[in-house]
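# Show me how the following folds:
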Amino acid sequence: MAGLQDAITADDVREALHDVIDPEVGMNIVDLGLVYGVEVSADKLHVDLTMTTPACPMGEMIFDDAQQALEAIAPAGVEIELNLVWDPPWSPEKMSEHARAHFGWN
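I've put the predicted structure just below:
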């Protein structure tokens with residue numbers, strides 16, 4: 001029997017999360033460096049996310065949007081484990097070059 005990792009890759013998960021936008025800054029959570037880890041196993045998608053700050057007013061919405069993006073690509077019956085983490089703390093160095101350039105931080 002083929003496992004989930006034969007159907008979806010970590011790159012597929014990151015691509016889906018490119019559609020999740022932090023509305024405060026108008027940029028996707030992948031380029032912002034908020035996606036800390038992606039694991040695809042036989043029957044589970046596991047993603048570690050962070051926010052720029054624990055007080056992020058859009059955190060719940062971003063988390064919900066990420067959950068919906070993962071549900072859209074996951075086959076039926078696959079467990080989606082979305083984990084909010086704070087360690088290591090987010091910093092602008094975690095952003096992609098594209099994002100840093102967008103904000104003039106290069």
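# which is the next helix or strand following the least confident helix or strand in the chain by mean pLDDT?
One helix or strand of the chain scores below all others by mean pLDDT, DSSP states H and E: helix 4-7, with a mean of 64. Next in sequence after helix 4-7, counting helices and strands by DSSP states H and E, comes helix 10-17.
# Now do that next one: everything it contacts.
When contacts are defined by Cβ atoms under 8 Å, 6 or more residues apart in numbering, helix 10-17 is touched by residues 28-30, 35, 38-40, 45, 47, 66, 69-70, 72-73. From N, CA and C alone the C-beta is placed, and that goes for glycine too.
# correct me, but residue 65 touches residue 20?
Yes - Residue 65 is within contact range of residue 20, at 4.6 Å (criterion: Cβ atoms under 8 Å).
# Number of residues surrounding residue 19?
14 (other Cβ atoms under 10 Å).
# residues in contact with it?
28, 69.
# Do you know the pLDDT at it?
Looking at residue 19, its pLDDT is 96.
# how much space between it and residue 72?
Taking Cβ to Cβ, to the nearest Å as the measure, residue 19 falls 9 Å from residue 72.
# Likewise for residue 11?
Using Cβ to Cβ, we find residue 11 at a distance of 16 Å from residue 72.
# between residue 65 and residue 20, who's got more neighbours?
residue 20 (23 against 18).
# Kindly list the main-chain dihedrals of that one?
phi -90, psi 120 (degrees, to the nearest 10).
# Would you agree residue 98 is in contact with residue 33?
No - here residue 98 lies out of contact with residue 33, judged by Cβ under 8 Å, at a distance of 11.1 Å.
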